[in-house]
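Trainee: Quick one: sequence and predicted model below, then my questions.
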Amino acid sequence: MLGCLVEKQITTPEYYPLSLNALLHACNQKSNRDPLMNLDEDAVRMALRSLSEQALARSAGGDNRVAKYEHRLADTFNFTRPETAIVCELLLRGPQTPGELRSRADRMHPFQDLGVVHTTLKHLMERDPPLVALLPRQPGTKEARYSHLLSGNPEKNEAGPRQPISAVPQSNISVDAERVSHLEKELAALQQEVADLKGQFAEFRKQFE
């Protein structure tokens, strides 16, 4: 979601900051995304809240009807334009080679050659703390890949194929709600039964007093 905010600010500034609906569509976009996502509004709101707590996004006001949102990447990290483009592509598509980054980030910042990409990656790796890491080369591949470190250790997510990210199905939420409601009713019945037994026991004791 952070990558989506950065991307839209650069590529479609006339529509930035983004409304919740525009951000939802940006996250679920089928191009320039890996993995693909299928989020709902609740998932977007939760992610915005998390980014806000990390000072990475905030409400940008808006008109009386529609709230707008913007990223705070520049405020937090003081990126150059090349660094912003590289980090944005890593956020949107995951680990990539320098060649892939040069080609894909061109719509946000034109890199003269691969040397500039390598220099930008080096600067991001030398930050304190580092914001980009060089991943171990995978068997059968010639080029090394780089990953951002904004969400922790990237190697933990490298074991299997990348699957689409979806919000929790509404049907599952409904089933859980019904289960909780049923348990609450059972608990209330048990509490009433215990209260009745206490009353009966109290009446029974009075016979011997």
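Mentor: Sure thing, it's come through.
Trainee: Send me the helix or strand hosting A85 as PDB with only the CA atoms.
Mentor: Here A85 sits within helix 81-93, counting by DSSP states H and E. Provided in PDB are the C-alpha atoms of helix 81-93 (Å, rounded to 0.1, in the frame of the first residue of the first chain):
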ATOM      1  CA  ARG A  81      14.200  10.800  -6.500                       C
ATOM      2  CA  PRO A  82      16.300   7.800  -7.700                       C
ATOM      3  CA  GLU A  83      16.000   6.200  -4.200                       C
ATOM      4  CA  THR A  84      12.300   6.800  -4.100                       C
ATOM      5  CA  ALA A  85      11.800   5.100  -7.500                       C
ATOM      6  CA  ILE A  86      13.900   2.100  -6.500                       C
ATOM      7  CA  VAL A  87      12.200   1.600  -3.100                       C
ATOM      8  CA  CYS A  88       8.800   2.000  -4.700                       C
ATOM      9  CA  GLU A  89       9.400  -0.700  -7.300                       C
ATOM     10  CA  LEU A  90      10.700  -3.000  -4.600                       C
ATOM     11  CA  LEU A  91       7.600  -2.400  -2.600                       C
ATOM     12  CA  LEU A  92       5.300  -3.100  -5.500                       C
ATOM     13  CA  ARG A  93       7.100  -6.100  -7.100                       C
END
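Trainee: Could you list the domains of this structure?
Mentor: 1-77, 79-159, 171-209 (automatic domain parsing).
Trainee: can I get those in a markdown table with mean pLDDT and mean neighbour count?
Mentor: For the C-beta atoms, the positions are set from N, CA and C on the backbone; glycine is no exception. Shown next, in a markdown table, are the domains of the chain (pLDDT from 0 to 100; neighbours: other CB atoms under 10 Å):
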| stretch | mean pLDDT | mean neighbour count |
| --- | --- | --- |
| domain 1-77 | 93 | 16 |
| domain 79-159 | 92 | 16 |
| domain 171-209 | 67 | 9 |
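Trainee: other SSEs contacting the helix holding A85?
Mentor: helix 2-11, helix 73-77, helix 98-104, helix 114-125, strand 132-134, strand 146-148 (3 or more CB pairs under 8 Å, 6 or more residues apart in numbering; DSSP states H and E).
Trainee: quick one: contacts of that helix?
Mentor: With contact meaning CB atoms under 8 Å, 6 or more residues apart in numbering, helix 81-93 is reached by 2-4, 6-7, 10, 32-34, 73-74, 77, 79, 96, 100-101, 104-105, 108-109, 111, 116-117, 120-121, 123-124, 131-132, 146-148, 150.
Trainee: how big is the angle separating the helix or strand hosting R49 from helix 2-11?
Mentor: Counting by DSSP H and E, the element that carries R49 is helix 41-53. Helix 41-53 runs at 80 degrees relative to helix 2-11, counting by axes from the mean of the first three to the mean of the last three CA atoms, to 10 degrees.
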